[in-house]
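Asks: Take a look and give me a structure for this.
(one chain, ligands or ions: 1)
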Amino acid sequence: PRHGDTAPPELQEKTLVLVKPDAVQRRLVGNVIQRFERRGFKLVAMKLLQADQGLLDKHYQQLRQKPFYPALLAYMTSGPLVAMVWEGYNVVRSTRAMVGDTDSATAAAGTIRGDFSMHVSRNVVHASDSVETAQREIGFWFQQDELVAWESGDQDYTYGP
Ligand code: IDP
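Replies: Numbering: from 1, shown residues only. Now for the predicted structure:
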């Protein structure tokens, strides 16, 4: 069995991705997962849940004073979302690039938001914006023992020697 993550530390960077409630309703979960999986990132945690205000107040603590925060809270609690932790080299930066601009209207074609979303208030996904933020956010959404360390059999083909 491939238990334990034996990859070098630079391949073990982790980020939090949320497939937001609009994407769950629109049946886009598989599509979002497929992009990260196909890129070569490693899925190390995933769950479907209904988020509550307490969790979102922590997750979005930087935005609590913004005028759109009540609408953001209503959106993010409107239905279940999928929380995932993805791992790999430079995963935080690469994932932000794959997600695209916050404002869907200017998100580049080929990005998740540029391909699946029309408006900033329904922008399909969240991805952590720095390694430090990712560590903090993963702690809000997952218990330590919900992260599965596993050895991926294709590492040499994904990263080279
Ligand atoms: P990010 O999700 O691209 O990191 P943030 O600025 O951290 O962008 O904003 C968090 C989330 O808040 C956005 O993804 C979006 O759902 C929502 N949001 C940001 N700006 C606006 C706005 O002007 N109107 C409505 N919702 C917004």
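
Asks: Where does the residue of the chain found nearest the ligand sit: helix, strand or coil?
Replies: Closest to the ligand within the chain is Thr102: 3.3 Å, counting by C-beta to the nearest ligand atom. Any C-beta I mention is one placed from the backbone N, CA and C, and that applies to glycine too. Classification of Thr102 using DSSP: H, G, I helix; E, B strand; the rest coil returns coil.

Asks: State the distance from it to Trp86.
Replies: Computed with C-beta to C-beta, to the nearest Å, the distance linking Thr102 and Trp86 is 19 Å.

Asks: Who has more neighbours out of those two?
Replies: Between Thr102 and Trp86, counted using other C-beta atoms under 10 Å, the more crowded position is Trp86 (26 against 12).

Asks: Next, the contact list for the nearest residue to the more buried one once chain neighbours are set aside, please.
Replies: Nearest residue to Trp86, sequence neighbours excluded (C-beta to C-beta, 6 or more residues apart in numbering): Phe41, at 4.5 Å. Each residue near Phe41 by C-beta atoms under 8 Å, 6 or more residues apart in numbering is listed here: Trp86, Glu87, Gly88, Val91, Ser94, Thr95.

Asks: does any part of the helix or strand harbouring the first one sit near the ligand?
Replies: Element membership for Trp86 (DSSP states H and E) is strand 81-87. No: on the criterion C-beta under 6 Å from any ligand atom, strand 81-87 is out of touch with the ligand, staying 11.7 Å away.

Asks: Excluding chain neighbours, what is closest to Arg2?
Replies: Residue nearest to Arg2 in three dimensions, not counting chain neighbours: Glu151, with 4.0 Å by C-beta to C-beta, 6+ apart.

Asks: Quick check: pLDDT value at the one you found.
Replies: On pLDDT, Glu151 comes in at 93.
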